[in-house]
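A.B. asks: Following is a predicted model, sequence given first.
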Amino acid sequence: MALFGANVWRRVLGVDRATVIEDVDFDEESDTVVVHVRPRRATERRCGRCGVRAPGYDHGEGRRNWRALDLGTLRCFLQADSPRVNCAEHGPTVAQVPWARHGAGHTRDFDDTVAWLVTHTPKSTVSELLRIAWRSVGAIIDRVVADGRAAHDPFDGLTRIGLDEISYKRGHRYLTICVDHTSGRLVWAAVRKDKKTLNGFFDLLGPDRCAEIRLVSADAAEWIAEVVHERCENATVCIDAFHVVAWATEALDQVRREVWNEARKGGMSTHARQLKGCRYALWRNPEDLTRRQEAKLAWIAQVNMTSV
């Protein structure tokens, strides 16, 4: 065993005690560390898909590598045999290993790190940072999401939800999304914005869960309201706060423009200039106003009182 004991290597590699560390090799030419591992006997010969113990089938493709998180500037790999078992349900299948998901070429810690990073930075950045292919990032995301959905039902306990559509690809494409207002989580998203897409979400929920939904927030889109009324008989549809504020802000700005035009056409050039520069002062919260913006609002109030 090179440099450290097995317990230290387990901590460094992020594997549990179900993994036996056999040896560690360092390749100076390629700047890589290869850690030879194997599952403990209690976890051997289990189907990689369902985890049920099964009789051995063959040696599979022999020894294979799993990419682990880098050790500083060195790339690290776990290497082990990859035999197949004959599962009663799935047939000949690669045996389960405790350090990686089924069918993965990376360790669980590597997968989870990639999945966390892509929620904070673009895939291209993750690809460059971890030295993996751009397509590998997408495959890892699919793997982690599928694993999470299998372990936790994202639709469990939904009673208050929000529905909306958002644009991407410079506004040329749309996603329909659903959030859980109780937890604040995004629970579902699908490409396109239409009744068929939204009905697909309620098909996933099923009749019983649809009946449990009590409140649905959305914009004023009729297609959303129609689907909700049809599928969620116990739900009340309400306008979400974001659109209420957006509509109020738009109405305020429209009034400002109308007053500015009237002042300009009426020969009140000074008033027109003051109104033209007060757009952001009218939008901001009182506690966020600068002194100049406070003065503008005070001037508007004074002019308004004088005109009344």
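C.D. replies: Arrived safely. Residues are numbered from 1 along each chain as shown.
A.B. asks: only C-alpha atoms for contact and neighbour calcs from this point on.
C.D. replies: Fine.
A.B. asks: What are the boundaries of the strands in the stretch 101-250 of the chain?
C.D. replies: In chain order, the stretch 101-250 of the chain shows strands spanning 160-168, 173-180, 186-191, 215-218, 236-239, with DSSP state E, counting those that start in this stretch as the criterion.
A.B. asks: among these, which is nearest residue 41?
C.D. replies: Shortest separation from residue 41 across those is recorded for strand 186-191, at 38.8 Å, computed as Cα to Cα.
A.B. asks: Mind putting the strands of the stretch 101-250 of the chain into a markdown table with mean pLDDT?
C.D. replies: Written out in a markdown table, the entries for the strands of the stretch 101-250 of the chain read as follows (pLDDT from 0 to 100):
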| stretch | mean pLDDT |
| --- | --- |
| strand 160-168 | 90 |
| strand 173-180 | 92 |
| strand 186-191 | 91 |
| strand 215-218 | 92 |
| strand 236-239 | 89 |
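A.B. asks: Now tabulate the ones you listed in a markdown table and tack on distance to residue 260 and mean neighbour count.
C.D. replies: Output for those, formatted as a markdown table (distance: least, Cα to Cα, whole Å; neighbours: other Cα atoms under 10 Å):
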| stretch | distance to residue 260 | mean neighbour count |
| --- | --- | --- |
| strand 160-168 | 33 | 17 |
| strand 173-180 | 36 | 18 |
| strand 186-191 | 42 | 15 |
| strand 215-218 | 33 | 21 |
| strand 236-239 | 31 | 16 |
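A.B. asks: what's the domain layout of this structure?
C.D. replies: Residue ranges of the domains in the chain are recorded as 1-101, 106-152, 160-239, 243-307, according to automatic domain parsing.
A.B. asks: possible to save the strands of the stretch 101-250 of the chain as TSV with distance to residue 65?
C.D. replies: Listed next are the strands of the stretch 101-250 of the chain as TSV, based on distance: least, Cα to Cα, whole Å:
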stretch	distance to residue 65
strand 160-168	38
strand 173-180	38
strand 186-191	34
strand 215-218	48
strand 236-239	53
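A.B. asks: Which one of those lies nearest to residue 88?
C.D. replies: Among the strands of the stretch 101-250 of the chain, strand 186-191 comes nearest to residue 88, with 33.9 Å by Cα to Cα.
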